[in-house]
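Engineer: fold the following and give me the result.
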Amino acid sequence: MPVNLTPNAIAAVVGGDLDLKPLVQVVDIKLIGGSQDRYRLLLSDSAASQHAMLATQLNDRVKSGGVRKGSVVQLIDYICSTVQNRKIIVVLNMETIIPDCETIGNPKLPIDFNSTPQKALSVNNSSAPSRTLKNESVAVNGGDKVQTYRPTVQPSYQPPPPPIYKNHGAIVKNEAPARIIPIAALNPYQGRWAIRARVTAKGDIRRYNNARGDGKVFSFDLLDSDGGEIRATCFNAVVDRFYDSVEVGKVYMISKGTLKPAQKNFNHLNNAWEIFLETGSTVELCSDDQNSIPEQKFYFKPIGEIESAENNSILDVIGVVTSVNPSIPILRKNGMETQRRLLNIKDQSGRSVEVTLWGEFCNKEGLKLHELFDSGLCPVLAVKAGKVNDFSGKSIGTISSTQLFINPDIPEAHDLREWFDSGGKVAESHSISRDIVPGAQKNEIRKTVAQIKDEGLGRSNKPDWITVKASIAFIKTDTFCYTACPLMIGDRQCSKKVVKSGETRWQCERCNQEFEECDYRYLLQAQIQDFSGLTWVTAFQESGEEILGCSAKELYSLKYEKQDDDNFAEIIRRSLFNQLLFKLKVKEETYGDEQKVKITVVNAERVNPSSESKYLLDLISK
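Structural biologist: Model prediction:
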């Protein structure tokens, strides 16, 4: 790939432009002896060259071979000093872009810009007149002495062309036609470029407010024929120019953008750079080139590997849908209402995961998934750019850049369908959501109730995660739930306890907002028992619903609004003495001055006779 050095960089730097941060080449490097070793460089922009001195703190770059003759470097921090009417660049910081490269262009010998200029001579010209250099010691940068050289024999002079540069700005406008290059080859140090790519995702317009005022922004993702991906971002007036014209699935020719480091907190693509489009950028539809680039590129991670994925990481996952819940309204922290829909998918790894759909995903793809599932079909769902959540287990949630593909025509989907239809449908699958949390490998450790106390579980620095086969012996019914905040903080419900504010409103101290209706969430205190003993446990929202078979709001309504004591008592009675598999978190906590082991139900599920028999038989064989 050709390398483009920054045009007229030498003239600009010598002229005083300290903000340019140019890309230049080291065409020569010499070690200078003295009180401490210093390195003298000859820097080139492919047309002109200039002597430079390397700050001593950068000597290791040369000694390690990171900077050598032929290296292409970017000057990050530098000054230009005048010594004996001659300019010298003192390099304080730089980055190596290409460690080794052939000489680029035909750079001329340094020109003295502050005295009668000398005739430009080619660096590579073997017939150039010899020069005797006199060693001089001069002070730069606050007294730091450097060695430089002044020629004692000068060649004949002639007036040079006037320098073509202007401080703090572009030196010469590059009118060369843009070259179409792969996305993978893009970097900020190139000249004019263009890419031909398909829009694979397009975000909504987001509004923001900061110290510089209000603004708006939107981004879209691009994929080219070589599989390279990159994100393009537009701000303010550029949003108005491109938002309506950019369509997902179409191929465009894009040029005249600026490349900057990708913000990995918001950009999940496998690219170090991001394109920022400007008023002079072009985005042109390629109507005759719509079939040369793939529709999408996936990097699927098996569900079993998501257990070890970092929280908030972005990944692709594919699986067969095994359940779809109805869409429910959720009130966000800003007071706006959105929709949430939960579903589960499984794959060949023997694991399943919960997928949370937010907003329009609930009404578009979510509704279609619900209809397919209700009709007896189990569709394959591919999630592009889902966000990992590790709250009480691992789950996947949608974000603005997420894409959902139902029964996609790709090899991975066909393999899943064949596996599911040929036996995967009834294959045992363990959920990594809500019942598997950090330390999940301990979740399969079976213990009895008595072993919790006998083995001192939970008394170390970290909690113990165990599975206990037991039944509910008693449930406290005087306080089984609490009033909770329904507002959303990001993709999670606040759920903090709220208090009455007047006759009909509720207030959350955490969110500092009032609302007309609150949520009701389980806070069950119950006793579980097995053949070895009995212990108290606490079950929160999801676990409480699994134990009692209804929501906390429904149970609260029966007891306190409808005052239907009979049906309330029947629900409690039905939940007792059924054998369940409890996934428990056991952790010692401090209450006042007292240390006490707290046991929390992470998940509770009815014992499956087939699975339990297999477990016991395996246990016997071991």
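Engineer: please name the residues that touch residue 20.
Structural biologist: Listed by Cβ atoms under 8 Å, 6 or more residues apart in numbering, the contact partners of residue 20 are 6, 9, 12, 13, 75. Using the backbone N, CA and C atoms, a C-beta is placed for each residue, glycine as well.
Engineer: format the residues you listed as JSON lines; extra columns: distance to residue 317, neighbour count and secondary structure.
Structural biologist: Output for those, formatted as JSON lines (distance: Cβ to Cβ, whole Å; neighbours: other Cβ atoms under 10 Å; DSSP: H, G, I helix; E, B strand; the rest coil):
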{"residue": "6", "distance to residue 317": "43", "neighbour count": "20", "secondary structure": "coil"}
{"residue": "9", "distance to residue 317": "47", "neighbour count": "26", "secondary structure": "helix"}
{"residue": "12", "distance to residue 317": "50", "neighbour count": "27", "secondary structure": "helix"}
{"residue": "13", "distance to residue 317": "50", "neighbour count": "26", "secondary structure": "helix"}
{"residue": "75", "distance to residue 317": "44", "neighbour count": "22", "secondary structure": "strand"}
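Engineer: quick check: the farthest pair among these?
Structural biologist: Within these, 12 and 75 form the most distant pair, 10.7 Å apart (Cβ to Cβ).
Engineer: can you pull the residues that touch both of these two?
Structural biologist: Between them, residue 12 and residue 75 share these contacting residues under Cβ under 8 Å, 6+ apart: 20, 22.
Engineer: off-centre distance for the longest helix seen in the chain?
Structural biologist: As assigned by DSSP state H, the longest helix anywhere in the chain is helix 609-621. Distance of helix 609-621 from its chain centroid, counting by Cα atoms, centre = their mean, to the nearest Å, is 42 Å.
Engineer: list the buried ones in it?
Structural biologist: For helix 609-621, burial by neighbour count (16 or more other Cβ atoms under 10 Å) applies to residue 615.
Engineer: did I read that right, residue 294 in a strand?
Structural biologist: No - using DSSP: H, G, I helix; E, B strand; the rest coil, the secondary structure at residue 294 is coil, not a strand.
Engineer: which residue packs closest to it, ignoring adjacent ones?
Structural biologist: Spatial nearest neighbour of residue 294, chain neighbours left out: residue 223 (6.7 Å); criterion: Cβ to Cβ, 6 or more residues apart in numbering.
Engineer: got it, and residue 41?
Structural biologist: Going by Cβ to Cβ, 6+ apart, residue 41 has residue 52 as its nearest residue, at 4.4 Å.
Engineer: where does the one you found fall, secondary structure wise?
Structural biologist: Using DSSP states H and E, residue 52 falls within strand 49-54.
Engineer: now stretch 552-569 - C-alpha only, CSV.
Structural biologist: What follows is stretch 552-569, C-alpha atoms only, in CSV (Å, rounded to 0.1, in the frame of the first residue of the first chain):
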residue,chain,number,x,y,z
ALA,A,552,-46.0,-9.5,43.2
LYS,A,553,-48.6,-6.9,41.9
GLU,A,554,-51.2,-9.6,41.4
LEU,A,555,-50.7,-11.1,44.8
TYR,A,556,-50.7,-7.6,46.4
SER,A,557,-54.0,-6.8,44.7
LEU,A,558,-55.6,-10.0,46.0
LYS,A,559,-54.6,-9.3,49.6
TYR,A,560,-54.9,-5.6,50.0
GLU,A,561,-57.1,-4.3,47.2
LYS,A,562,-59.6,-7.1,46.5
GLN,A,563,-59.2,-8.5,50.0
ASP,A,564,-59.6,-12.0,48.6
ASP,A,565,-58.1,-14.0,51.4
ASP,A,566,-59.2,-17.3,50.1
ASN,A,567,-57.5,-17.1,46.7
PHE,A,568,-54.4,-15.5,48.4
ALA,A,569,-54.1,-18.4,50.8
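Engineer: how far away is the residue nearest to residue 41 from residue 592?
Structural biologist: Going from residue 52 to residue 592 by Cβ to Cβ, to the nearest Å gives 68 Å.
Engineer: out of the two, which sits in the more crowded spot?
Structural biologist: Between residue 52 and residue 592, counting by other Cβ atoms under 10 Å, residue 52 is the more crowded of the two (25 against 6).
Engineer: could I get the full set of helices for the stretch 51-200 of the chain?
Structural biologist: Assigned by DSSP state H, counting those that start in this stretch, the helices in the stretch 51-200 of the chain fall at 59-63.
Engineer: go on, the stretch 301-450 of the chain?
Structural biologist: Using DSSP H, counting those that start in this stretch, helices in the stretch 301-450 of the chain cover 303-306, 360-363, 365-374, 411-419, 449-454.
Engineer: quick one, which of those is nearest to residue 517?
Structural biologist: Per Cβ to Cβ, nearest to residue 517 of those: helix 360-363, 20.0 Å.
Engineer: got the buried residues for the closest one?
Structural biologist: Quick answer for helix 360-363 (16+ other Cβ under 10 Å): 361, 362.
Engineer: all further residue positions should be reported with the first residue as 344.
Structural biologist: Sure, I'll start counting at 344 from here, so that last one is helix 703-706.
Engineer: what about residue 430, how many residues nearby?
Structural biologist: The number of residues packed near residue 430 is 22, by other Cβ under 10 Å.
Engineer: my bad, should have said residue 936
Structural biologist: Counted with other Cβ under 10 Å, residue 936 comes out at 5.
Engineer: could you report the pLDDT at it?
Structural biologist: Looking at residue 936, its pLDDT reads 74.
Engineer: per the record, what domains does the protein have?
Structural biologist: Per automatic domain parsing, the structural domains of the chain span 352-494, 522-628, 646-774, 783-823+866-964.
Engineer: comparing those by mean pLDDT, which bottoms out?
Structural biologist: For those, the weakest mean pLDDT is recorded on domain 352-494, namely a mean of 72.
Engineer: which outside residues touch the longest helix of the chain?
Structural biologist: 771, 812.
Engineer: about what we covered before: ok, the residue nearest to residue 637 - contacts?
Structural biologist: The contact partners of residue 566, by Cβ under 8 Å, 6+ apart, come to 526, 540, 541, 543, 572, 636, 637, 639, 640.
Engineer: from those, which two are the most distant?
Structural biologist: 526 and 639 (14.7 Å).
Engineer: more neighbours: which of these two?
Structural biologist: Higher neighbour count among residue 526 and residue 639: residue 526, with 22 against 17, using other Cβ under 10 Å.
Engineer: would you agree the more buried one is in contact with residue 538?
Structural biologist: Yes - the pair residue 526 and residue 538 passes the contact test of Cβ atoms under 8 Å, sitting 5.6 Å apart.
Engineer: make JSON lines out of the domains of the chain and add distance to residue 853.
Structural biologist: Shown next, in JSON lines, are the domains of the chain (distance: least, Cβ to Cβ, whole Å):
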{"stretch": "domain 352-494", "distance to residue 853": "44"}
{"stretch": "domain 522-628", "distance to residue 853": "22"}
{"stretch": "domain 646-774", "distance to residue 853": "9"}
{"stretch": "domain 783-823+866-964", "distance to residue 853": "17"}
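Engineer: which of these sits closest to residue 839?
Structural biologist: Smallest distance to residue 839 across these (Cβ to Cβ): 11.3 Å, for domain 646-774.
Engineer: in this structure residue 436 contacts residue 401, no?
Structural biologist: Yes - at 7.3 Å, residue 436 and residue 401 qualify as touching, with contact defined as Cβ under 8 Å.
Engineer: can you say which of the contacts of residue 566 are buried?
Structural biologist: By neighbour count, with 16+ other Cβ under 10 Å, these hold 526, 540, 541, 543, 572, 636, 639, 640 as buried.
Engineer: sorry, back to before: so between residue 436 and residue 401, which is more surrounded?
Structural biologist: Neighbour totals were compared for residue 436 and residue 401, and residue 401 leads with 16 against 12 (other Cβ under 10 Å).
Engineer: so residue 830 touches residue 856, yeah?
Structural biologist: Yes - Residue 830 lies in contact with residue 856 (Cβ under 8 Å); the separation is 6.4 Å.
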